[in-house]
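**Q** no FASTA, just this:
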């Protein structure tokens with residue numbers, strides 16, 4: 001079974017995160033399941049902007065979402081069994097599910113739904129206030145606002161590239177994460193979700209998966225296993241996404257015309273970062 005992992009970062013810019021993803025996926029996956037790591041195309045964010053700052057702008061996020069949709073199309077074309085979308089914004093997930101028949105699972109949706117089986121209420125820890133607000137928006141979109149105890153922003157705020165530092169550099173970040181966890185517990189959370197893919201791998205790498213009796217979810221580990229579960233359910237049970245409303249699939253002719261008119265070209269697998 002082959003899982004296409006898709007990050008919303010340029011993995012060439014975060015080598016420690018990239019390496020951790022590869023090791024993490026191999027460690028948590030069952031025999032016979034392979035996870036191939038992909039990021040957005042090299043240079044997507046340039047060298048002057050970190051992803052968390054660029055993604056606060058909806059137009060830029062929209063531009064980058066097109067790569068996610070193309071990734072799903074490429075994954076299906078290349079024979080992958082599922083796509084694991086590893087961004088807590090779940091960008092492009094509706095469009096991707098409407099175009100491919102293989103399962104497309106999102107990090108935010110998956111983590112929140114699994115958290116509901118681990119505790120009554122959950123909290124997410126965000127890198128900054130913009131991401132904090134986005135978590136609340138996504139939870140509302142999934143109908144899970146009542147289960148969200150809090151979305152907590154790191155204080156002081158951080159970005160993805162700061163998490164690439166060595167132990168001495170990142171020691172204050174560990175303390176900041178624990179402060180955020182304490183706030184989450186005070187808000188009534190029983191499950192704490194590191195609400196960013198790069199933060200998740202930082203927490204996993206540091207072994208910070210419990211806090212004062214509360215579960216600190218390994219969201220990416222859960223995502224990898226859930227992608228394999230959904231791929232297996234499709235193979236064994238014929239379980240597939242509904243085509244009646246939200247994920248209605250356009251005809252091949254309609255899709256070809258729209259893509260041709262817009263000048264959209266397929267993206268080959270080796271064009272993504274991390275390959």
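**A** Nice, thanks for sending it over. Owing to the predicted nature of the structure, the values given are computational and were not obtained by experimental measurement.

**Q** I'd guessed residue 214 sits against residue 187; true?
**A** No: using Cβ atoms under 8 Å, residue 214 makes no contact with residue 187, being 11.4 Å away. Heads up, the C-betas are built off the backbone N, CA and C, glycines and all.

**Q** which of these two has more residues huddled nearby?
**A** Higher neighbour count among residue 214 and residue 187: residue 214, with 19 against 14, using other Cβ atoms under 10 Å.

**Q** can you confirm residue 199 is in a helix?
**A** Yes: Residue 199 forms part of a helix when assessed by DSSP: H, G, I helix; E, B strand; the rest coil.

**Q** count the residues that sit near it.
**A** A total of 26 residues lie near residue 199 under the criterion other Cβ under 10 Å.

**Q** residues contacting it?
**A** In this structure, residue 199 makes contact with 125, 127, 163, 177, judged by Cβ atoms under 8 Å, 6 or more residues apart in numbering.

**Q** secondary structure element for the first one, which one?
**A** Element membership of residue 125 [criterion: DSSP states H and E] is strand 122-126.

**Q** what lies in contact with that strand?
**A** 88, 112, 115-116, 132, 134-135, 139, 147-154, 177, 180-181, 184, 187, 189-196, 199, 217.

**Q** that strand: how far from the chain's middle?
**A** 14 Å (Cα atoms, centre = their mean, to the nearest Å).

**Q** tell me the helix or strand right after that strand.
**A** Next along the chain after strand 122-126, taking DSSP H and E as the criterion, comes helix 129-141.

**Q** pull out the buried positions in that following helix.
**A** Buried positions in helix 129-141, judged by neighbour count with 16 or more other Cβ atoms under 10 Å: 131, 132, 134, 135, 138, 139.

**Q** can you name the element that comes right after that helix?
**A** Toward the C-terminus, helix 129-141 is succeeded by strand 148-153 as the next helix or strand (DSSP H and E).

**Q** paired strands for that following strand, with orientation please.
**A** Strand 148-153 has the following strand partners under DSSP bridges: strand 122-126 (parallel).

**Q** average pLDDT across the strand it pairs with?
**A** Averaged across strand 122-126, the pLDDT comes to 98.

**Q** cool, and stretch 236-247?
**A** For stretch 236-247, the mean pLDDT works out to 96.

**Q** endpoints of it, how far apart?
**A** End-to-end distance of stretch 236-247: 22 Å, with Cα to Cα, to the nearest Å as the criterion.

**Q** repeat for stretch 11-18
**A** With Cα to Cα applied, stretch 11-18 spans 6 Å between its terminal residues.
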